[in-house]
Each structure stands twice: as C-alpha cells, then as structure tokens.
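[1] based on what follows, work out the 3D shape:
(2 chains)
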Amino acid sequence: MVVGIAIHSYRGGTGKSTTTANLAVMLALYGKKVATVDLDLTSPGLHVIYQVSQSMMKVTLNDYIFDRAALEDVVIDLTNQLGLPKGKIYFLGASMKPEEIAKLLKEGYSEQFFREVTKQLGEAYGVDYVIFDTHPGLNEDTLLAVLSSDVSMMMMRMDKQDITGTYVTAQVLRKFNKTSYVVLNMVPPNMAKVVELRSEVSKLLGVPVIGVVPFYPEILQHRSRGVFILKHPKHPYTLRIKEIVEFIINNIG
Amino acid sequence: MASRKHYFTRTHDSRTQELRKKISDTLLSTQVNIDEVEKKVSSFERRLEEILNRLDELDNRLKKLEELLE
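    Numbers count the residues shown, from 1 in each chain, chains lettered A, B, ... in the order given. Below you'll find the model as predicted:
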C-alpha cells in the first residue's frame, strides 16, 4: 500500500522543503521507496535542495497535471545522484515558469490528481511513500492536498503566529477527521530541552507531536546545497530526523 | 518500471469536485473565536515560560554547586 503524506504549515519559512527532502532520504536509508512531489505552487524549491537543475526538469509536474506528459517523463530518479546505498528516491518537480504557476493557480488542482498520482507512482515505481511538499496557508488547494493524503504533518515554529495559525488549522482538519501530526521545527535550543514540550503542545493543539527539531545554525549555513543528513550523518539534526522516520515506519502505513 | 506509461486526465465530473466543495463550505462556515484561541495560546506560552524559568533556576543552582565543589 502506498502512503501519502502531506507536509504543510500555516505560515511560510517553517522548513517544509528541507524537512521533506531529509525525511525522504532517511526513509530511503531504511530501504523504503519514496517519491517527493513539489506542490509549493508559487515558490517551488525542493529541486534546489536535491540539486536538480532546471535543465534536468525538461518535463514538470505541471505537464502531467495538464495531460501534456506521462508520469514517467516527469519522475526523476535521484537514487544514484544522491549516492544512496539502499532505498529509492524519486522527485517530481514543479515548473518555475510564471505562466505555468499562474495557470495552476487559476485552475487549481483537481481532487482526483492526488489519488491518481499516488496510485500511479505505486504502480509504476512500487513506492512505499509519496510525500507532498505543499504551499503554506489555509487555502483550498493546500487543504485539498492535505485531505487527499493519508496523513498530514504540520510543521510549526515556536512563535505566537505559528502556534495560533496551527491551532486554527488543526481545528479545521479535525472537522474532516484527518490523521494529523505536528513536527516542531527550529525550536530555540533551551526550549527543546523542556521534557514537557511535546505533551504541552499536543495538549494545546489536540494533535500528537512526533518530532522536536531544535534550531541548528549549521542548517542555515548549509544554504540548501544538498540534503543535509547525507553530508552530516552524525549531526544531532540527523538523529532528530531519524526519530521522526522511525515513528513514520512504525505507525504510518 | 512498468512498460505502460501513466497519464493523468483531468475530468470535470462533479463527483471529483466533492472534496473541494466541502473544503470551501467548511472554510466559509468555520467560526473561530480568535479571542478564545489567543487566550489558550497565551496561557500555553505562560506555562512554557514558567517551565523555562524553572529550568534556568535549576541550571544556576547546579552551576553554584559545581563552583562550591571545585
């Protein structure tokens, strides 16, 4: 069975794309086959982290969505490029062309797209997980991606705007009985040490917290040049990502 | 990889638009009492602040103890 995971957040800059790429690679290191789909409509950026140039993306997700290309023409197998000893990583990149972004924003996704792309990725590549890196906010298209996936993973920073927005998002998702989890990202280091942090946030939002990732300046210094955990396998960030992945493997799918 | 290529055909069948309609209706009808939400978030932040202060205090005591032991 293919499991669809939507990674989203109420506000931008919470580290969705960085987390998507690192979680996907860690899942692959556990022998899983993972497809990552860049659904950040207005500002696609996952390809930068994967170091996929625009010239490698001759055909994009937009072409598949508008029936101009087959899935197989869009999917880029990054397994060798990333030097993964096991597992598989596939990437479906979105177009950065303004006219393509505008067209997609105007017409929106169709509900069937999420079901179809997940099913077809399962059929064609035998993937275990499809991770959708979504656009932030409480808009229809993002909610469509979240609600069409099996599981929603909300990224949240520990600031008042993020907490308030995530609280409202969690209330909306509850109306749809959506299985949701929260990952706290860029948590101030002194706060990350608080043992009660997970339970306090879970209690507030009514959603389980499955990861607490402190703020590490090394991630900023890395400047999205490649997948961090591959370059820093012993860094504490990598261990936090491993913890989340172990939760996913043991509890989702 | 399977030899048959996979395409996506967008349909405008009303059945495929059910979820979008439900999302739109839910967003329009959701009544959020923002004062209530802010109260809850503020009270959460106060609790967290108290915990952090307690931790700081413990840290300071520990440092003093270490100094005494040196």
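[2] hang on, A:Met186 packs against A:Gly211?
    No: look at A:Met186 against A:Gly211 with CB atoms under 8 Å: they stay out of range, at 11.9 Å. Heads up, the C-betas are built off the backbone N, CA and C, glycines and all.
[3] A:Tyr90 sits in which helix or strand?
    In the assignment (DSSP states H and E), A:Tyr90 maps to strand A:88-92.
[4] show the subsequent helix or strand relative to that strand.
    helix A:98-107.
[5] can you pull the alpha-carbon coordinates of that following helix into CSV?
    Written as CSV, here are the backbone C-alpha positions of helix A:98-107 (Å, rounded to 0.1, in the frame of the first residue of the first chain):
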residue,chain,number,x,y,z
PRO,A,98,5.5,32.3,-14.2
GLU,A,99,2.9,31.4,-16.8
GLU,A,100,2.7,27.8,-15.6
ILE,A,101,2.4,28.9,-12.0
ALA,A,102,-0.4,31.3,-13.0
LYS,A,103,-2.2,28.6,-14.9
LEU,A,104,-2.1,26.2,-12.0
LEU,A,105,-3.2,28.9,-9.5
LYS,A,106,-6.1,29.8,-11.8
GLU,A,107,-7.3,26.4,-12.4
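[6] for that helix, give the mean pLDDT please.
    Mean pLDDT, helix A:98-107: 89.
[7] pull the distance from that helix to the chain's centre.
    Offset of helix A:98-107 from its chain centre (CA atoms, centre = their mean, to the nearest Å): 21 Å.
[8] mind giving me the packing neighbours of that helix?
    helix A:61-65 (3 or more CB pairs under 8 Å, 6 or more residues apart in numbering or on different chains; DSSP states H and E).
[9] can I get the helix it packs on in PDB, CA atoms only?
    What follows is helix A:61-65 as a C-alpha-only set of coordinates in PDB (Å, rounded to 0.1, in the frame of the first residue of the first chain):
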ATOM      1  CA  LEU A  61       4.600  18.100 -12.800                       C
ATOM      2  CA  ASN A  62       2.600  20.900 -14.500                       C
ATOM      3  CA  ASP A  63       2.800  19.000 -17.800                       C
ATOM      4  CA  TYR A  64       1.500  15.800 -16.100                       C
ATOM      5  CA  ILE A  65      -1.300  17.800 -14.400                       C
END
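[10] what is the rounded mean pLDDT of that helix?
    The average of the pLDDT scores along helix A:61-65 is 94.
[11] where do the helices of the chain begin and end?
    No chain specified, so I'll use chain A. For chain A, the helices defined by DSSP state H occupy A:16-29, A:46-50, A:61-65, A:71-74, A:98-107, A:111-125, A:140-148, A:160-175, A:189-192, A:197-205, A:217-222, A:228-231, A:236-251.
[12] chain B is the one I meant
    Taking DSSP H as the test, the helices found in chain B are B:18-29, B:34-69.
[13] what's the residue most central in space within chain B in contact with, if anything?
    Taking CA atoms, centre = their mean, the centroid of chain B lies closest to B:Val41, which sits 11.4 Å from it. Shown in contact with B:Val41 (CB atoms under 8 Å, 6 or more residues apart in numbering or on different chains): A:Lys160, A:Ile163, A:Thr164, A:Tyr167, A:Leu204.
[14] what's near enough to touch A:Cys6?
    Not Cys; residue A:6 is Ala. By CB under 8 Å, 6+ apart, the neighbours of A:Ala6 are A:Ile131, A:Phe132, A:Thr134, A:Ala145, A:Val146, A:Ser148, A:Ser149, A:Val151, A:Ser152, A:Met153.
[15] about what we covered before: most neighbours of all the contacts of B:Val41, which one?
    Within these, neighbour counts (other CB atoms under 10 Å in any protein chain shown) peak at A:Ile163, which reaches 23 neighbours.
[16] thinking again about what came up before, and the residue nearest to the centre of chain B, how far from B:Lys5?
    Between B:Val41 and B:Lys5 the computed distance is 49 Å (CB to CB, to the nearest Å).
[17] repeat that for A:Tyr167.
    Distance from A:Tyr167 to B:Lys5, counting by CB to CB: 44 Å.
[18] quick check: residues of chain B near chain A?
    Proximity of chain B to chain A, by CB under 8 Å from any CB of the partner chain, involves residues B:1-2, B:5-11, B:16-20, B:22-24, B:26-27, B:30, B:32, B:37-38, B:40-41, B:44-45, B:47-48, B:51-52, B:55-56.
[19] 7 Å - rerun?
    Within chain B, the residues that sit near chain A (CB under 7 Å from any CB of the partner chain) are B:1-2, B:5-11, B:16-17, B:19-20, B:23-24, B:26-27, B:30, B:32, B:37-38, B:40-41, B:44-45, B:47-48, B:51-52, B:55.
[20] residues near residue 59, how many?
    Just so you know, I chose chain A. 19.
[21] hm, I was asking about chain B
    Neighbours around B:Asp59, by other CB under 10 Å: 12.
[22] what comes up buried for stretch A:135-149?
    Across stretch A:135-149, burial judged by 16 or more other CB atoms under 10 Å in any protein chain shown covers A:135-138, A:140-149.
[23] ok, and what's touching that stretch?
    A:4-6, A:8-12, A:39-42, A:108-109, A:111, A:114-115, A:132, A:134, A:152, A:169, A:172, A:176, A:178, B:19-20, B:23-24, B:27 (CB atoms under 7 Å, 6 or more residues apart in numbering or on different chains).
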